[in-house]
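Any chance you can model this:
(one chain, ligands or ions: 1)
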Amino acid sequence: MHSLFKQADKTFSFDKVFGPKAQQRAIYDHAVAPIVNDVLEGYNCTVFAFGQTGTGKTYTMEGEMKQKAGELPATAGVIPRAVRHIFDILEARKADYSMKVTFLELYNEDITDLLALEDQSRFPEDRQKRAISLMEDGKGGAVIRGLEEVIVYSPSEIYNLLEHGSARRRTADTALNKQSSRSHSVFSIYIHVKEQTVGNQELMKCGRLNLVDLAGSENIARSGAREGRAREAGEMNKSLLTLGRVITALVEHSVHVPYRDSKLTRLLRESLGGKAKTCIIATVSPSIHCLEETVVTLDYAYRAKSIRNKPEANQKVCKSVMLKDIYQEMEKMKQDVKAAREKNGIYIPHERFALEEAEKKTMKDKIESLELSIEDHRKEVDKFKRLYLAEQEHRLDLESRNKELKMNIESCKKEFLDLEEAHSRANISLKEKDFIISNLLCAEHSIVEHAKDIRGALENASGDISSLVDKLGRQSNTEAENEGLLFHFRSQLDLSLELLRNTVVGSVCEQRQFLESMNEQNKIYFSAKSESTIHLERRIAKAKDIYASGVQCMNELANILHQRSIVHSEKMGLNILSHATRAANFLAVMVSEAEQVLNDVFKSISELKELLAFSAEQQEVGMKRSLVSAQVMSKTSIDFFKDIKAHAYSLIKHMEQSQAECSSQLLKFEEDFKELSVQEEQAALDKITEILAGLTAKKSTMVSDRVGQLNGKHKEEQKHLKLQMSSLQEVSDSGVKEAVAYAAKVESQFREDKLSHSKIKDQMEDILQQSLKKTAHSVSYWSHTESSLEQLNKISVVEADDFIEETRNENESILQNMLMVCTQSDAKFDAITSDMLTSVKDSHLLDHEARMRIETVFSTSLDRLEILKTKHSQGTESIRGMATKYLERDYKVNSPVRRRPGELMTNEYSLESIEQLRASVPELVMKFRSENNLDEVEDKGKRYLDHGIRTPRSPLMPVNHYHQ
Ligand SMILES: Nc1ncnc2c1ncn2[C@@H]1O[C@H](COP(=O)(O)OP(=O)(O)OP(=O)(O)O)[C@@H](O)[C@H]1O
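Numbers count the residues shown, from 1 in each chain. Have a look, this model is predicted:
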């Protein structure tokens, strides 16, 4: 089956190929019409159709012949069309012609005349078709004795004969064709055309057209032929087989062409390699089920196409010569008739009978001896065929083995190339990894640098924090100082108020004492002057009241001020205390956490460093190992393939040699055999018996010698081949084992390396993620701390500022009130004093003495008042000065923070800079590839890319989210 499909790939070329829809007319015009013209020029021409049964041979040759209105139907085949064509030409030429036709059937090697009259014999055996003998004409053609030649004058006559004859053909119902022709049919048209020559001599052009419809070649099993049909098919196939052999012999220019092996080939002898012009129509089926037969048919047709005939026109004969022939023939026939009349039965003249008998006898002898020799030949040929077939099989076997070996070599080469590619890929990946490692080291270095920077920044921050703590301490000191100052101010204020009160009380007492003394004096003096005294008393009481109310007011104010200052200082103290403790706690926690974070970062960085170093070391070791093993393996594979190649080469050479030798020997043998056969044939004519014996002996010895030689050689070759094959197998087995072992080793190493690499990578990834998380956490924490500090600072500053402002405002308002009260009391005191002076002046008018006394008292009072005034103004001034000092100089306000901790960090360690710390493996791979022009290499780095795309580095994600 496999070979069949292989055959189906074959290509055949023909003069013209007609498809299933081709019209009969097209086939005729293209293939047969030129032949008809040649027939009319005096050539013998043959058109024969052959092919598988049921493929349309009869349809092509005969078709439908019933005329419609004098016209042939479209389905008319080659024969009716040729007949019509011939008549058309002859009539157009107005030629003088004669035409006769014969129609015979060749069935199971028997020739039957299809145009002979029906036998009216009573007995069925007599009614059997008369067998007709086939004889050589001595010019390479065949003569059929006793065949009915019907002279025809019109196409319709021929059509009738054709229909009549076709109806008598043996047909049967088969699985492939309902009306399958079981015989070969030959319809011949003989045409004699008279030609006028210059010398007024009449010449005749004799042409013959054989139209042959062969029985179908058939696969007995498929055609469904059984028993009688099977035998019939076998016979048909036999004659077709002989036809095939004849074609083969003609194609190969063999000396002997087995025409005589079947009647069909004897009949067609002239048309195959003879002097006739031949057209072969091969019919095939488009069905796949008929592929085998189709290929065989096409093969026959293709081979038959290369047969070269030597067409020769028949000799033009004189009319007189022809007439002479005809008369001779008539004479012969007359003698036959006469002999038949004289006796009952079939009689011929005695001389002819004796001649024919002798001829028959010699022929019979010849045939017998030839049959014997043919039988021998056949046996020998069969033997050699078997040998040849065995040899061919052996050759095919060797060829297939050779092919297998070649394929093995090819696959090994491919594997080797794959290995080389893998090796180069491994090298590239090694370089890639080196590149990545160096970049990772750089990244690590930069991370360490950044960590150092962070540490510096943290140190700065801790400095800032400690300065902040100092500042807070200072602030609390300031607050304490302020408290002290306030206390001092309060005590001072109390003192001055006390002093003022004492002064006022003293002056009032003095005034009172003076007034009492004045009263006593006046009692004495002003007994008479009660009105003025009453007035004075009233006035004094009024001044007394005013002074008492002023003192009371001052006292109240001082108390309020005192109480407020106490409350405020307490509040402030509490605030400052709480702020300080909060800040201290917060800073302590922050410092400890920052230290922890820093420690973690350093720890993870050192771990990362160690891991990186370890992984780089391991990778290097693994890569080196794989490189070495790959190199070893490549070397071994190369050696192994070299060995195989050398072995295969020697094997092929040896095979070629042996094949050439075999074929040359076979050719030689065939030639010898043919030569011998020819010689034998020649000699057989002379001394058949003697030479046959000699020849047989010679042949048998020669054959046995040759066979022995061939066998010996064949055995030697086989031995040699076996040896070669076994060594080759050993080599290939060992090579395969080595290759498998190396492959397994390399694979395991690769797996190990890959596993460790992936583990380390995972660890690295984890650590990196952890460190990044911690960094992110610390960054967030820092920023949080910073904001908290800032907030705290702001709150405390605002609170302190508010409090101070409030206190200042309150104090200022109190002082303003106090000053106002003082001024009011001054004014009132002045008013009282002036009143008193007026009263004193009034009293002066009353009494000079009293006036003198009063003047003295007045001057003393004035002095005292002056002193009181000065003291009062001094007290006021000191209070004011103290207040100013307290408010402007001594009350310490917290100076604003110049540099905020954390600014450095946020500015220097932006998200971008942290992102830049990443060593992106895909980018590194891309960079490496672009630098090394490795784009065309199978994209192994794609994995990194894919990986990079699939798992974007998550550690910084929280940071990103936090900051977004
Ligand atoms: N080209 C065609 N167009 C129409 N019908 C066709 C064609 N060729 C063959 N046939 C039909 O196929 C059937 C078989 O054809 P035909 O008898 O000519 O085959 P065959 O090759 O002579 O077979 P066998 O060798 O068995 O005699 C017939 O019925 C015929 O009419």
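
Torsion angles phi and psi at E62?
When read as degrees, to the nearest 10, the backbone of E62 gives phi -110, psi -60.

Now do it against S466, distance only.
Separation of E62 from S466 (C-beta to C-beta, to the nearest Å): 126 Å. (Each C-beta comes from the backbone N, C-alpha and C, glycine too.)

Just want to know which of the two has more residues nearby.
E62 (25 against 12; other C-beta atoms under 10 Å).

I figured F928 was touching K433, is that so?
No: applying C-beta atoms under 8 Å as the test, F928 and K433 come out as separate, 9.6 Å apart.

Which one of those two is surrounded by more residues?
Neighbours per residue, other C-beta under 10 Å: of F928 and K433, the larger number sits with K433, 22 against 19.

what about the more buried one, which helix or strand?
helix 350-525 (DSSP states H and E).

That helix - what's its average pLDDT?
Per-residue pLDDT values over helix 350-525 give a mean of 77.

same thing with stretch 16-31?
92.

Same check on stretch 153-168?
88.

what about that stretch and the ligand, any contact?
No: counting by C-beta under 6 Å from any ligand atom, the ligand has no neighbours in stretch 153-168; the shortest distance is 10.9 Å.

Okay, buried residues for that stretch please.
155, 158-159, 161-162, 165-166, 168 (16 or more other C-beta atoms under 10 Å).

L387: neighbouring residues, count only.
18.

Roughly how far does it sit from E252?
19 Å.

now do I447
88 Å.

same deal with D213?
In terms of C-beta to C-beta, D213 sits 27 Å off from E252.

Those two: which has the busier surroundings?
A side-by-side neighbour count of D213 and E252, using other C-beta under 10 Å, places D213 first with 28 against 11.

Contacts only, for that one.
Neighbouring residues of D213 by C-beta atoms under 8 Å, 6 or more residues apart in numbering: 48-49, 57-58, 61-62, 181, 184-185, 187.

out of those residues, which are buried?
Going by neighbour count (16+ other C-beta under 10 Å), these have 48-49, 57-58, 61-62, 181, 184-185, 187 buried.

pLDDT value on the nearest residue to T55 once chain neighbours are set aside, please?
Nearest residue to T55, sequence neighbours excluded (C-beta to C-beta, 6 or more residues apart in numbering): T283, at 3.9 Å. With respect to pLDDT, T283 has a value of 93.

Need the phi and psi values for T283.
Dihedral angles (degrees, to the nearest 10) for T283: phi -110, psi 130.

Also Y107?
Comment: the main-chain dihedrals of Y107 come out as phi -130, psi 120, following degrees, to the nearest 10.

and what of D110?
Per degrees, to the nearest 10, the backbone of D110 is at phi -120, psi 140.

beta partners of it?
Beta bridges link D110 to Y107, judged by DSSP bridges.

Look up how far the ligand lies from it.
Distance, D110 to the ligand, using C-beta to the nearest ligand atom, to the nearest Å: 18 Å.

how many neighbours does the closest residue to the ligand within the stretch 351-500 of the chain have?
Closest to the ligand within the stretch 351-500 of the chain is R378: 27.9 Å, counting by C-beta to the nearest ligand atom. Counted with other C-beta under 10 Å, the neighbours of R378 add up to 13.

What is the burial count for G70?
7.

same check, this time on Y300
Using other C-beta under 10 Å, Y300 is surrounded by 20 other residues.

Ok, the one 3 residues further on next?
When counting by other C-beta under 10 Å, one arrives at 16 neighbours for R303.

What sits closest to it if chain neighbours are left out?
V251 is the one closest to R303 (C-beta to C-beta, 6+ apart), at 4.9 Å.

Y300 versus that neighbour, what's the distance?
Taken as C-beta to C-beta, the span from V251 to Y300 is 10 Å.

what's across from the spatially closest residue to S271 that is not a sequence neighbour in the sheet?
Once flanking residues are discounted, S271 sits nearest to T46: 3.5 Å by C-beta to C-beta, 6+ apart. With DSSP bridges applied, T46 shows beta-bridge pairing to N210, T278.

T46: what's it in contact with?
Per C-beta under 8 Å, 6+ apart, neighbours of T46: 209-212, 268, 270-271, 276-279.

any idea which of the buried ones among the contacts of D213 is least confident?
Among the buried ones among the contacts of D213, S181 has the weakest pLDDT, 69.

Surely E270 is in a helix?
No: checked against DSSP: H, G, I helix; E, B strand; the rest coil, E270 lies outside a helix; its state is coil.

tell me the contacts of it?
E270 neighbours (C-beta under 8 Å, 6+ apart): 44, 46, 140-142, 276.

switch to 10 Å and redo it
Counting by C-beta atoms under 10 Å, 6 or more residues apart in numbering, E270 makes contact with 44, 46, 137, 139-142, 208, 210, 259, 276, 278, 309.
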